[in-house]
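> no sequence for this one, just the structure:
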């Protein structure tokens with residue numbers, strides 16, 4: 001059975017080490033019309049453990065969508081992306097790279113690793129709100145998400 005985002009609560013994993021960016025994202029998500037349950041991890045190692053449901057994350061929800069920063073402690077976002085896209089059990093989870101970078105090499109590298117989208121983080125709450133509305137419009141309203 002295919003699942004439209006509107007037919008279920010959306011499980012969103014934010015992989016972000018900057019508390020200010022986490023706060024902007026949380027506030028922007030509150031403005032959306034769809035119910036989104038946000039989980040946040042602050043480093044690449046925790047992201048892999050969360051998605052694989054290991055250790056303290058054994059009962060973590062399977063994310064429908066991942067927002068992934070590239071500049072992370074422990075394991076970089078690029079390495080997290082590569083690991084998840086290599087794993088047959090996890091590769092279908094859409095991953096939106098959401099980072100401060102707009103470097104051409106970062107964009108090329110993440111698409112080479114099969115990122116589903118690359119977004120350069122906006123500045124300020126207004127920019128985050130616009131980005132989250134765009135994310136809702138496409139990923140949560142238009143696109144068919146893979147089954148969990």
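That came through, no problem. The structure displayed is predicted, hence computed values, not measured ones.
> Quick check, pLDDT for residue 7.
Per-residue confidence for residue 7 comes out at a pLDDT of 56.
> cool, and the one 10 residues further on?
You'll see residue 17 listed with a pLDDT of 96.
> doesn't residue 73 make contact with it?
Yes. Using C-beta atoms under 8 Å, residue 17 is in contact with residue 73, at 5.8 Å. In short, each C-beta sits where N, CA and C put it, glycine included.
> Can you list the low-confidence ranges for the chain?
1-8 (pLDDT under 70).
> which residues of it fall in strands?
Remark: strands assigned in the chain by DSSP state E are 3-4, 10-15, 36-41, 65-68, 95-99, 117-120, 144-145.
> want to throw those into TSV with distance to residue 84 and mean neighbour count?
Shown next, in TSV, are those (distance: least, C-beta to C-beta, whole Å; neighbours: other C-beta atoms under 10 Å):
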stretch	distance to residue 84	mean neighbour count
strand 3-4	20	13
strand 10-15	10	23
strand 36-41	13	17
strand 65-68	8	25
strand 95-99	7	24
strand 117-120	14	16
strand 144-145	15	14
